[in-house]
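S.K.: Please find the sequence and the predicted model below.
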Amino acid sequence: MIEIPYKFVLDLINVATLVILMVIKINYTQQFKNFTQLFWNDDFIHLDIKEQKKMLLFKGILLILTSVHFAFFVSSLLFTLKLNWLEAYWTNVYLYASVFFLFILVKSIIIHFLGYVFQLENHSKYLVKFKFNKSIYWFFIFFIGQLLIHYSPFEIIHVALLIAVLGGLYLLVSAIRFQLRFQNEIIRHWYYFILYLCTLEIAPYILLYKVVSDSLN
């Protein structure tokens, strides 16, 4: 098991996360229920469109939690496998949480901008909510992953494989639902769709891979 400096801080954050989830469930009962079903059901996205102002705080909290637990999961995984490129564990956590948080926000802004430029505001509005909410749903996957890394007796490689399978399944289901929801728009505006894929779905991950690869080498 990875040795984390000031591990009590990690323990406190995990306890605080559970408390926050409990408070959210009490105050946003129906919204939270729909959100937990986002893996296979898109009702939460439609609810978000109807109750935009009411959902801002809910989504903001989930974005922060997702960023934090993404950072814990990735940092702990890299430190355990000795692939970290920064020596300080908490510096890694801060960096990865900031990158994830900014990436989701910037991506949403760019989608809005492209929708405005190409006069597809209605489609881009739905797409922003679709992608944003699908992104913060990763909270559950990352939270489970980092809990298993820090508190379970399972080998790190087994945890990584489990999260990879779970994440891959989630991406597959999301891609299928995306195709079904936007199939008419994709056919009608195929060139915009290709532009979207290249700029927001492919290029960022290529750049991220290159940065990580260069840093490890």
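M.R.: On my side now, so go ahead.

S.K.: End to end on stretch 79-97, go ahead and measure it.
M.R.: End-to-end distance of stretch 79-97: 16 Å, with CA to CA, to the nearest Å as the criterion.

S.K.: With adjacent residues omitted, what lies nearest to the residue sitting nearest the centre point of the chain?
M.R.: Among the residues of the chain, residue 135 comes closest to the average C-alpha position under CA atoms, centre = their mean, at 3.5 Å. The shortest distance from residue 135 to any non-neighbouring residue, by CB to CB, 6 or more residues apart in numbering, is to residue 104 (5.1 Å). Where C-beta positions appear, they are placed from N, C-alpha and C, glycine not excepted.

S.K.: So which bits of the helix or strand encompassing the one you found are buried?
M.R.: Residue 104 belongs to helix 89-117 when assigned by DSSP states H and E. For helix 89-117, burial by neighbour count (16 or more other CB atoms under 10 Å) applies to 89, 92-93, 95-97, 99-101, 104, 107-108, 110-111, 114-115.

S.K.: out of these, who's nearest residue 139?
M.R.: Nearest to residue 139, judged by CB to CB, of those is residue 100 at 10.7 Å.

S.K.: what's the nearest residue to residue 66 if we skip its chain neighbours?
M.R.: Per CB to CB, 6+ apart, closest to residue 66 is residue 139, 4.0 Å.

S.K.: what's the burial count for that neighbour?
M.R.: The number of residues packed near residue 139 is 22, by other CB atoms under 10 Å.

S.K.: And the helix or strand hosting it, what does it pack against?
M.R.: Under the criterion of DSSP H and E, residue 139 resides in helix 138-151. For helix 138-151, the elements it packs on are helix 7-27, helix 52-80, helix 156-188, judged by 3 or more CB pairs under 8 Å, 6 or more residues apart in numbering; DSSP states H and E.
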